[in-house]
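K.L.:
Based on what follows, work out the 3D shape:
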Amino acid sequence: MKKKSALVLLIGFFIITANLTPQAAGFTTEIEEESYVEWRIDIAPRNNTIMYYSGGGNMIAENESIMSCFVNTIDDDISGDFVIGNVSITANDTDIAKDLVLGVWGTHTEWWPGLFVEIGGANIAELNATAYAAAERLSGNYLNGTMNSRYENITIIAWNSTSETYYFLEEECIVFDYEQDPPLFGDPQITHLCYSLNSGVLVKANTSYSFGIPYNLVVTLSEITPPSPHDYPAIPQIIVFSVYIGASILAIIVLVYMWNKRRK
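P.N.:
Alright, predicted model coming up:
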């Protein structure tokens, strides 16, 4: 019976250590620092866009060019290195959204979801409530209008930088459609924004208005590259190797002890 107990103990040690084998890190569904995100500019504004809030100066982009963000820090906003047309600037995504008119400048409530939104039921509910508040028909709100939101699965063609191939990517999104009431001058702002419920990334955007000079911007998500691994497997391998050795030595000691005890 003692011999069987020792054998069971030995097997138990090896089962435990086997379960400590390092697992391959899966692709995270949330944006992390040092991620790279890229959008295709399907339609670029025909005129210079003043990047006032981000400090980027005059931006000139072309149709089918690239807008990108290398994520530096994640706090209340996401700050990163942005490239848009001829502009390269370190800024936060909210200021970029203001410059590109990806939101609603309500007089009483502003709504600037940015290029990334916080995911999770409570955060999405707050995002939705703020969107409707920004467009609410209140006295003095120049951007009175109609806001609608819905959930929708959206399929885009994305680029896989690892395999260097294009593939179809389906994202479950929250979609916002805003249309400003007819203004006294110019054309109303019409903004369509889609955000992934998995990653929080802006998947599609189409925004336009005119104060005499037409503005129209259409972008589509084209790539998300997670951070490069920083030799993370090296440390776990050492730890697992040490646990294997320690467990094996302990198991041998137990066996020797039980064998000597049996002889006595």
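K.L.:
Now do the strands in this structure.
P.N.:
With DSSP state E as the definition, the chain shows strands at residue ranges 36-43, 49-51, 57-59, 65-74, 78-84, 87-92, 104-105, 110-111, 145-160, 165-180, 187-196, 202-210, 214-225.
K.L.:
Bridging across strands, which residues link to the residue lying closest to Thr130 once chain neighbours are set aside?
P.N.:
Closest residue to Thr130 apart from its sequence neighbours, by CB to CB, 6 or more residues apart in numbering: Trp111 at 5.1 Å. In short, each C-beta sits where N, CA and C put it, glycine included. Legend: beta-bridge partners of Trp111 under DSSP bridges are Val104.
K.L.:
repeat for Val201
P.N.:
Phe116.
K.L.:
again, but for Tyr36
P.N.:
Phe70, Thr225.
K.L.:
ok, now how distant is it from Gly120?
P.N.:
23 Å (CB to CB, to the nearest Å).
K.L.:
Also Met59?
P.N.:
32 Å.
K.L.:
These two: which has the busier surroundings?
P.N.:
Between Met59 and Gly120, counting by other CB atoms under 10 Å, Met59 is the more crowded of the two (20 against 12).
K.L.:
re earlier: please identify which of the strands of the chain is closest to Thr130.
P.N.:
For the strands of the chain, proximity to Thr130 was assessed by CB to CB; strand 110-111 is nearest, at 5.1 Å.
K.L.:
List the contacts of that closest one.
P.N.:
Gly103, Val104, Thr130, Ala131, Ala133, Ala134, Ala135 (CB atoms under 8 Å, 6 or more residues apart in numbering).
K.L.:
do stretch 122-141 as well
P.N.:
Around stretch 122-141, the neighbours that count as contacts under CB under 8 Å, 6+ apart are 103-111, 113, 117-118, 143-147, 149, 174, 176, 178, 180-181, 195, 197.
K.L.:
Check the offset of it from the chain's centre.
P.N.:
23 Å (CA atoms, centre = their mean, to the nearest Å).
K.L.:
Would you mark the buried spots in that stretch?
P.N.:
Ile124, Leu127, Thr130, Ala131, Tyr132, Ala133, Ala134, Ala135, Asn141 (16 or more other CB atoms under 10 Å).
K.L.:
same check, this time on stretch 40-60
P.N.:
Arg40, Ile41, Asp42, Ala44, Pro45, Thr49, Met51, Tyr53, Ser54, Gly56, Met59.
K.L.:
gap between the closest residue to Glu152 other than its chain neighbours and Tyr166?
P.N.:
Distances taken as CB to CB, 6+ apart place Val175 nearest to Glu152, at 5.0 Å, with adjacent residues excluded. Relative to Tyr166, Val175 is positioned 23 Å away (CB to CB).
K.L.:
Show me the residue sitting in the middle of the protein in space.
P.N.:
Closest to where the C-alpha atoms of the chain average out (CA atoms, centre = their mean) is Ile31, at 3.4 Å.
K.L.:
Report pLDDT for it.
P.N.:
With respect to pLDDT, Ile31 scores 88.
K.L.:
where does the protein have low pLDDT?
P.N.:
For the chain, the stretches with pLDDT under 70 are 1-29, 230-248, 250-251, 254-264.
K.L.:
Quickly list the domain ranges of it.
P.N.:
Domain assignment for the chain, taken from automatic domain parsing, gives 36-225, 232-264.
K.L.:
Return the distance of the longest one from the chain's centre.
P.N.:
Okay, so that is domain 36-225. On CA atoms, centre = their mean, the centre of domain 36-225 falls 13 Å from that of its chain.
K.L.:
how near is the closest residue to Leu115 other than its chain neighbours to Glu136?
P.N.:
Among residues not flanking Leu115 along the chain, Asp93 sits closest, at 4.1 Å (CB to CB, 6+ apart). Asp93 sits 25 Å away from Glu136, going by CB to CB.
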